[in-house]
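Participant: Here is the input, now give the coordinates:
(chains A and B)
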Number of protein chains: 2
Amino acid sequence: MNFIKIFAPATVANVSCGFDSMGFAVENVGDEMTFTKTSEKGVKITEITGANGLTLDPTKNAAGVVALAMLEQHPVDFGIEMTMHKGFSPGSGLGSSAASAGGAAYGVNQLLGAPFSDLELTKFAMLGEEAACGTPIADNVASAVFGGFVLIRSYEPLDIIKLPVPDELRLVAIHPQIEVKTKDAREVLPTEVSLKNAVTQWANVGGLVSGLHSNDYQLISNSLTDVIVEPARKHLIPHFDLVKSEAIKAGALGAGISGSGPTIFAICQGDDIAKKVHKAIENAYSDKKIDFNVFTSKINTDGVKTITSN
Amino acid sequence: MNFIKIFAPATVANVSCGFDSMGFAVENVGDEMTFTKTSEKGVKITEITGANGLTLDPTKNAAGVVALAMLEQHPVDFGIEMTMHKGFSPGSGLGSSAASAGGAAYGVNQLLGAPFSDLELTKFAMLGEEAACGTPIADNVASAVFGGFVLIRSYEPLDIIKLPVPDELRLVAIHPQIEVKTKDAREVLPTEVSLKNAVTQWANVGGLVSGLHSNDYQLISNSLTDVIVEPARKHLIPHFDLVKSEAIKAGALGAGISGSGPTIFAICQGDDIAKKVHKAIENAYSDKKIDFNVFTSKINTDGVKTITSN
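Facilitator: The predicted model follows:
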């Protein structure tokens, strides 16, 4: 293989109760990236379109950092040239750097003859996430690499559990065009939480995981509760409470902050309800004088995917 | 039905990561209780055998409190006489009061013509648990009433999720004959925990629930980790670390404190490993000058059961 073009999905991390532990991949929003073997060794990013402010310097770009680390661990006699077409904005809370990093891990791995497992690709992608956000958090990158719903059971050692995705799950998300930096969103978090709230949270994580396993949409809905992170962060997102309540009124199973925001996600059962929720969220934001876009998607169960290769 | 004799199982609450949220029922250790209709109205406890220090006063006894509350909500023109034969000691950490309370809820419900659901029976049983321990915690009583592994997803409203039990799961438990009062074991708990530890804990709860759903014994093993409650409580139980490490060395999937202790539980895959773990735990305690008993059991998947009725 000398060339590969891939799709790297946007991802929703945290998923209400599962802060730093859960995430899922989006079917129809993501980046396209190409990877081409070159006779000149090393990593080169030749083009980034669809987003401003991203560096072409491979030692600083999330995708570049990943590619360099992979070539260091698996030396070859060729180089790799990358292009990136961002399908969604950095700073949206939909795992922009994770898509770049996870996409790079997958694409480079293919050109190398696929020596690395998905778990290893996740570890490489975490290096890119760290370069971009300052923290090597796995929830977005693991969701991008593995696809579907994932649980990061442990960081040391890294243990990623792929959870089942009930067929009818749909995502509706709104991205208000303001920026919330991951770093800022981390700074508002409490360092300590009450044991009582922690118990509430882990009981809901257990419920969400059980609901996904048993196709129990009511249980999924009941479990989409966050008593720790959402209360601390929601003031960073204009009209969060309104969007959430309108989504739930329109039939969503639950809604919350996607990653560190500002995107707000709603999870729905089935296309009909997703349509109603899409409309309700759109209406809620239409007079708020903040640019936004709303999209509806299935859950991506495959993770990063090949579009073409030769 | 004028008479019923029932078996009310011992239960293991918390199960390492799932403090106040998870529990399971034991197959072959528990209480036997009888319930007889009487022409005289009210509730009478005529006999308690197998344990000392339990009151016959129905307004104070866990089983009596449950029976009185049920008759208040569902008045009938007869009374109920109970006997209790305790198959294990109060203060063992195996849900003694929960067995009495859950057993009473089940037995009385049968004499009443079964007007109440398992969820309602759990709520009644929680009143008995509160009378005995001061806290209306549901993990033991829900495990006793529902059987199998349970997740208390929420207290308000009470939401009990019955989780699958992989066939080969076995319990080995050691009860050192010292008393640890639930109240004392609660007082050593931190009121605040670090967000980092809370995340670790809820990721493991997610892993344990997923492992039970997918028969993944390795995942169950990896998830049986408690970074919050066990470190705070284990000093109350002599030789806890030794028992745990010997159990794991002998092949147990994991081990921890049963409820508030002093019983230490180990979970194993299959009878052969359970036998080895049983022996290893026994050896570990044999020279410690503390009386103890060790037992091995399947997981009880039915909860409280009828032995005979007429």
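Participant: Number of residues surrounding A:Q73?
Facilitator: 12 (other C-beta atoms under 10 Å in any protein chain shown). Every residue, glycine included, has its C-beta placed from N, CA and C.
Participant: can you tell me which strand in chain A is longest?
Facilitator: The strand spanning the most residues in chain A, taking DSSP state E as the definition, is strand A:22-38.
Participant: Just the buried residues of that strand, please?
Facilitator: A:22-27, A:29-36 (16 or more other C-beta atoms under 10 Å in any protein chain shown).
Participant: of those, closest to chain B?
Facilitator: Using C-beta to the nearest C-beta, A:M22 comes nearest to chain B of those, at 7.1 Å.
Participant: what sits opposite that closest one in the beta ladder?
Facilitator: Beta-bridge partners recorded for A:M22 (DSSP bridges): A:L151.
Participant: could you list every residue that touches it?
Facilitator: By C-beta atoms under 8 Å, 6 or more residues apart in numbering or on different chains, the residues touching A:M22 are A:A13, A:N14, A:V15, A:D139, A:F149, A:V150, A:L151, A:I152, A:V205, A:L208, B:G206.
Participant: All the helices of the stretch 201-310 of chain A, in order from the start?
Facilitator: With helices called from DSSP state H, counting those that start in this stretch, the stretch 201-310 of chain A shows them at A:217-223, A:229-233, A:240-249, A:271-285.
Participant: Of those, which is nearest chain B?
Facilitator: Short answer: helix A:217-223, nearest of those by C-beta to the nearest C-beta, at 6.2 Å.
Participant: Any residue of the closest one touching chain B?
Facilitator: Yes: using C-beta under 8 Å from any C-beta of the partner chain, helix A:217-223 reaches chain B at A:L219, A:N222, A:S223.
Participant: quick one: buried residues of that helix?
Facilitator: So for helix A:217-223, counting by 16+ other C-beta under 10 Å, buried means A:Y217, A:L219, A:I220, A:S221, A:N222, A:S223.
Participant: Adding pLDDT, write those residues out as a markdown table.
Facilitator: Below are these laid out as a markdown table (pLDDT from 0 to 100):
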| residue | pLDDT |
| --- | --- |
| A:Y217 | 98 |
| A:L219 | 98 |
| A:I220 | 98 |
| A:S221 | 98 |
| A:N222 | 98 |
| A:S223 | 98 |
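Participant: how about the residues of chain A that lie near chain B?
Facilitator: Going by C-beta under 8 Å from any C-beta, the residues of chain A near chain B are A:17-22, A:151-154, A:159, A:161, A:163, A:189-195, A:198-210, A:213-214, A:219, A:222-223, A:228.
Participant: Among those residues, name the buried ones.
Facilitator: A:17-22, A:151-154, A:159, A:161, A:163, A:193-195, A:198-210, A:213-214, A:219, A:222-223, A:228.
Participant: Show me which of the contacts of A:M22 is closest to A:H235.
Facilitator: Of all these, A:N14 has the smallest distance to A:H235: 16.6 Å, by C-beta to C-beta.
Participant: Quick check: that closest one touching A:I264?
Facilitator: No: the pair A:N14 and A:I264 fails to qualify as a contact (C-beta atoms under 8 Å) at a distance of 11.9 Å.
Participant: who's in contact with A:V150?
Facilitator: So A:V150 contacts A:M22, A:G23, A:F24, A:D139, A:A142, A:S143, A:I160, A:I161, A:K162, A:L163 (C-beta under 8 Å, 6+ apart).
Participant: angle of the helix or strand hosting the fifth one against strand A:22-38?
Facilitator: Same thing as A:A142. Per DSSP states H and E: A:A142 is located in helix A:139-146. Here the directions of helix A:139-146 and strand A:22-38 differ by 60 degrees (axes from the mean of the first three to the mean of the last three C-alpha atoms, to 10 degrees).
Participant: For helix A:139-146, C-alpha coordinates in CSV please.
Facilitator: The C-alpha trace of helix A:139-146 is given here as CSV (Å, rounded to 0.1, in the frame of the first residue of the first chain):
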residue,chain,number,x,y,z
ASP,A,139,-11.8,8.6,25.9
ASN,A,140,-12.0,10.5,22.6
VAL,A,141,-9.0,8.7,21.0
ALA,A,142,-10.2,5.2,22.0
SER,A,143,-13.7,6.0,20.7
ALA,A,144,-12.2,7.1,17.4
VAL,A,145,-9.9,4.1,17.1
PHE,A,146,-12.3,1.4,18.3
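Participant: Tell me which other helices or strands that helix touches.
Facilitator: Applying 3 or more C-beta pairs under 8 Å, 6 or more residues apart in numbering or on different chains; DSSP states H and E, one finds that helix A:139-146 makes contact with strand A:3-13, strand A:22-38, helix A:96-111, helix A:118-133, strand A:149-155, strand A:158-163.
Participant: Least confident secondary structure element in chain A?
Facilitator: helix A:182-187 (a mean of 83; mean pLDDT, DSSP states H and E).
Participant: Can you tell me which helices and strands the next helix-or-strand element following it packs against?
Facilitator: Counting by DSSP H and E, the next helix or strand C-terminal to helix A:182-187 is strand A:192-194. Packing partners of strand A:192-194 (3+ C-beta pairs under 8 Å, 6+ apart): strand B:192-194, helix B:195-214.
Participant: Dump the ones you listed to TSV, plus mean pLDDT.
Facilitator: Output for the helices and strands packed on strand A:192-194, formatted as TSV (pLDDT from 0 to 100):
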stretch	mean pLDDT
strand B:192-194	98
helix B:195-214	98
